[in-house]
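**Student:** the amino acid sequence is not available; the structure is as follows:
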């Protein structure tokens, strides 16, 4: 019996890179940005804020515009599905607020959660911190991790693209306690789920910021109660 001859060319490394060049570029840029941010963490009021602005917003934005040449809608900058966004973000906000409350109620766990210096003793400073610093920081992170990374890998990985972005964001919290890293990982997965269901990063952004602010409020309240 004569076997048919396969005349199709064998796949080479060049074929692999050509077929996956978009994802390779996104992955390389994501690893580079996270590595630089982890090596040079800085302080929230200075280096960290501006480094996050350039690494997680400006840098991926330039990659999208000039190298990928794609619409920002492909990376979650649209209103997406309002109903799903509101439903899933609202439900997960309630769940995480309850989880945060249980953590703060436990003195052993509460001590592992840091709070920014100064915000516990001054109401106006607290508002400035949460609105001027923390709010835009969460948007930078959402655009990078859920938008650039998760939506960028979604064509190849599908729903599994939720996991790489959560793991990389958790890397940024490894300098803290295991509890901080666990909260970052679980909230990143949840934000990724919200973004996937709503096709937008705006709802996951609101989710992330609200649970962050609520946790700070609970910590501050516990500090004041202990001071009495």
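**Tutor:** That came in fine, so what should we check first? Model, not experiment: these values are computed from the prediction.

**Student:** so how far is stretch 152-162 from its chain's centroid?
**Tutor:** Relative to its parent chain, stretch 152-162 has a centroid offset of 15 Å by C-alpha atoms, centre = their mean, to the nearest Å.

**Student:** stretch 158-169 too?
**Tutor:** Counting by C-alpha atoms, centre = their mean, stretch 158-169 comes out at 10 Å from the chain centroid.

**Student:** that stretch: which residues count as buried?
**Tutor:** 161, 162, 163, 164, 165, 166, 168, 169 (16 or more other C-beta atoms under 10 Å). Every residue, glycine included, has its C-beta placed from N, CA and C.

**Student:** scan the chain for its longest helix.
**Tutor:** The residue-count maximum for a helix in the chain (DSSP state H) belongs to helix 202-227.

**Student:** other SSEs contacting that helix?
**Tutor:** Judged by 3 or more C-beta pairs under 8 Å, 6 or more residues apart in numbering; DSSP states H and E, helix 202-227 is in contact with helix 82-105, helix 135-141, helix 178-198.

**Student:** can you put these in a markdown table and add mean neighbour count, mean pLDDT and distance to residue 53?
**Tutor:** Shown next, in a markdown table, are the helices and strands packed on helix 202-227 (neighbours: other C-beta atoms under 10 Å; pLDDT from 0 to 100; distance: least, C-beta to C-beta, whole Å):
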| stretch | mean neighbour count | mean pLDDT | distance to residue 53 |
| --- | --- | --- | --- |
| helix 82-105 | 16 | 96 | 24 |
| helix 135-141 | 19 | 95 | 6 |
| helix 178-198 | 21 | 95 | 19 |
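
**Student:** which one of those helices lies closest to residue 205?
**Tutor:** helix 135-141 (5.5 Å; C-beta to C-beta).

**Student:** may I ask you to confirm that residue 101 is in contact with residue 217?
**Tutor:** No. Residue 101 is not in contact with residue 217 according to C-beta atoms under 8 Å; the separation is 10.6 Å.

**Student:** ok, and what's touching the helix or strand containing residue 125?
**Tutor:** According to DSSP states H and E, residue 125 maps onto helix 123-128. Here helix 123-128 makes contact (C-beta atoms under 8 Å, 6 or more residues apart in numbering) with 118, 119, 120, 216, 220.

**Student:** now, of these, which are buried?
**Tutor:** By 16+ other C-beta under 10 Å, the contacts of helix 123-128 give 119, 120, 216, 220 as buried.

**Student:** pretty sure the last one contacts residue 117?
**Tutor:** So that's residue 220. No. The criterion here is C-beta under 8 Å, and residue 220 misses it with residue 117 at 11.8 Å.

**Student:** pass me the low-pLDDT residue ranges in the chain, would you?
**Tutor:** Applying pLDDT under 70 to the chain flags residues 1-14, 16, 41-47, 228.

**Student:** what separation is there between residue 203 and residue 63?
**Tutor:** As judged by C-beta to C-beta, to the nearest Å, residue 203 and residue 63 stand 24 Å apart.
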